[in-house]
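[1] next comes the sequence, and after it the predicted model I'd like to discuss.
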Amino acid sequence: MFRVVIDPGVLVAALISSKGAPRALLQIWIEGAFELIVSSKLLTELESVLRREKFRTYVTLRDVNAYIALLRRFSTVAPDPDSAPGLSPDPGDDYLIALAAADSADYLISGDSHLIDIPNSPVPVLSPRAFLNRLQMGH
């Protein structure tokens, strides 16, 4: 079974939109298709984003709390990795690569092209659609 770290941006999209690859990823994770790895920092970032007023159009604060609780309960909660600057063009994303590498994730899933296009990433970075395709092919 694949071990996967999912970028908070993809997890936001999975909650606020009922269609698309991020929601499909969330659904198949719930069905047990892969192991999701999260950390306190990832969950805090996700919760902080989803608590912004602009998301009230899509989800209530109660929905946000339930979503974070679901992720915390059914994911593998790993320790926050040591800081590893310079892994990503966006310093705010370095921890995602470090988390995936530290916890032997098979993939980091992101919709950010600056992460997907990193040369020599210690962990392969795939878009949500590419990961879904990989799961459907069975490898």
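    Yep, it's here. Treat the numbers as computed from the prediction; the structure is a model and nothing was measured.

[2] which parts of the chain are strands?
    Here the chain has its strands, by DSSP state E, at 3-6, 35-39, 76-78, 107-109, 125-126.

[3] out of those strands, nearest to Pro119?
    Proximity to Pro119 (Cβ to Cβ) singles out strand 125-126 among the strands of the chain, at 10.7 Å. Every residue, glycine included, has its C-beta placed from N, CA and C.

[4] show me what the closest one is packed up against.
    strand 107-109, helix 113-116 (3 or more Cβ pairs under 8 Å, 6 or more residues apart in numbering; DSSP states H and E).

[5] so which of the ones you listed is the most packed in?
    Across the helices and strands packed on strand 125-126, averaging neighbours per residue (mean count of other Cβ atoms under 10 Å) puts strand 107-109 on top, at a mean of 26.

[6] not counting its own residues, what contacts that strand?
    Outside strand 107-109, the residues within contact range by Cβ atoms under 8 Å, 6 or more residues apart in numbering are 2, 4-7, 10, 25, 96-97, 100, 115, 121, 123-128, 131, 134.

[7] which of those residues count as buried?
    When the contacts of strand 107-109 are checked for burial by 16 or more other Cβ atoms under 10 Å, the buried set is 4-7, 10, 25, 96-97, 100, 115, 121, 123-128, 131.

[8] alright, calling it a day.
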